[in-house]
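task: produce atomic coordinates for the following.
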Amino acid sequence: MSRLAALPADAAPDLLDSFKRYQELLGYVPNSVLIMQRRPKMVKALAQLASSVWDPASEVNIGFKRLVAYMASRTHGCNYSMAHAAEAAHRAGIDDARLEAVVDYRTSPLFSEAERVALDFAVAAASQPNAVTDELFERLKKHWTEGQIVELAGAVAINGFLNRWNDTMAPALEHEPIEFGEKHLARHGWRVGKHGP
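Just a heads-up that it's a prediction; the model follows:
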């Protein structure tokens, strides 16, 4: 049960454009944002950061960055963010096989060495305490440019904020990501109402 109620989408008129964008991208406005709208500047700041992290002009494939975000949320244990990140990865073109194999990325032939290192980075960067080592960073630099590394770190970092926000506020998960999670994430240990992987 949500610790603060999600307000109606028309509660803050200056956010209508932001909410329209969520509606276009997701088909709904996330309850986490409907809670956050009590402070419109926070919603706008998050939207600006999200626009830069998920920029279509990114060098790193957006679908893969969404898988990075998924693994960061899985490491943190935030089911709300896991469902949103996985659903977004799928919408961005990640097929069912890769999505379902992401928890086995270290051994799955569906992932390249560059992707394995990036997913190792996501898990380490999302760990508490942070587990990114100099050795892991050097491995990352063998496969990704400095700009791409910034993009990958941005995907982990924005999900770090969202994981903390969502676990603290406990927003109700919307119907669409519930349906998606039940279909695609059950093998990962995900289920509605369960905290963590």
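
what segments of the protein are helices?
Applying DSSP state H to the chain gives helices spanning 16-26, 31-36, 40-53, 62-76, 79-91, 96-101, 113-126, 134-141, 146-169, 175-184.

please convert those helices to a markdown table, extending it with distance to Leu7 and mean neighbour count.
For the C-beta atoms, the positions are set from N, CA and C on the backbone; glycine is no exception. Output for the helices of the chain, formatted as a markdown table (distance: least, CB to CB, whole Å; neighbours: other CB atoms under 10 Å):
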| stretch | distance to Leu7 | mean neighbour count |
| --- | --- | --- |
| helix 16-26 | 11 | 14 |
| helix 31-36 | 5 | 23 |
| helix 40-53 | 11 | 15 |
| helix 62-76 | 24 | 26 |
| helix 79-91 | 17 | 25 |
| helix 96-101 | 32 | 16 |
| helix 113-126 | 29 | 20 |
| helix 134-141 | 40 | 13 |
| helix 146-169 | 12 | 19 |
| helix 175-184 | 18 | 16 |
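
switch those helices over to a markdown table; also include mean pLDDT and distance to Pro8.
Output for the helices of the chain, formatted as a markdown table (pLDDT from 0 to 100; distance: least, CB to CB, whole Å):
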| stretch | mean pLDDT | distance to Pro8 |
| --- | --- | --- |
| helix 16-26 | 87 | 10 |
| helix 31-36 | 97 | 8 |
| helix 40-53 | 94 | 14 |
| helix 62-76 | 97 | 27 |
| helix 79-91 | 95 | 20 |
| helix 96-101 | 95 | 32 |
| helix 113-126 | 98 | 33 |
| helix 134-141 | 98 | 43 |
| helix 146-169 | 97 | 17 |
| helix 175-184 | 91 | 17 |
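
format the ones you listed as JSON lines; extra columns: distance to Asp10.
Shown next, in JSON lines, are the helices of the chain (distance: least, CB to CB, whole Å):
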{"stretch": "helix 16-26", "distance to Asp10": "7"}
{"stretch": "helix 31-36", "distance to Asp10": "11"}
{"stretch": "helix 40-53", "distance to Asp10": "13"}
{"stretch": "helix 62-76", "distance to Asp10": "29"}
{"stretch": "helix 79-91", "distance to Asp10": "22"}
{"stretch": "helix 96-101", "distance to Asp10": "34"}
{"stretch": "helix 113-126", "distance to Asp10": "35"}
{"stretch": "helix 134-141", "distance to Asp10": "44"}
{"stretch": "helix 146-169", "distance to Asp10": "20"}
{"stretch": "helix 175-184", "distance to Asp10": "20"}
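
show me the one of those helices that comes nearest Val192.
Val192 lies closest, by CB to CB, to one member of the helices of the chain: helix 175-184, at 5.6 Å.

and the angle for the closest one with helix 79-91?
80 degrees (axes from the mean of the first three to the mean of the last three CA atoms, to 10 degrees).

same for helix 175-184, what does it pack against?
The contact analysis (3 or more CB pairs under 8 Å, 6 or more residues apart in numbering; DSSP states H and E) places helix 175-184 against helix 79-91, helix 96-101.
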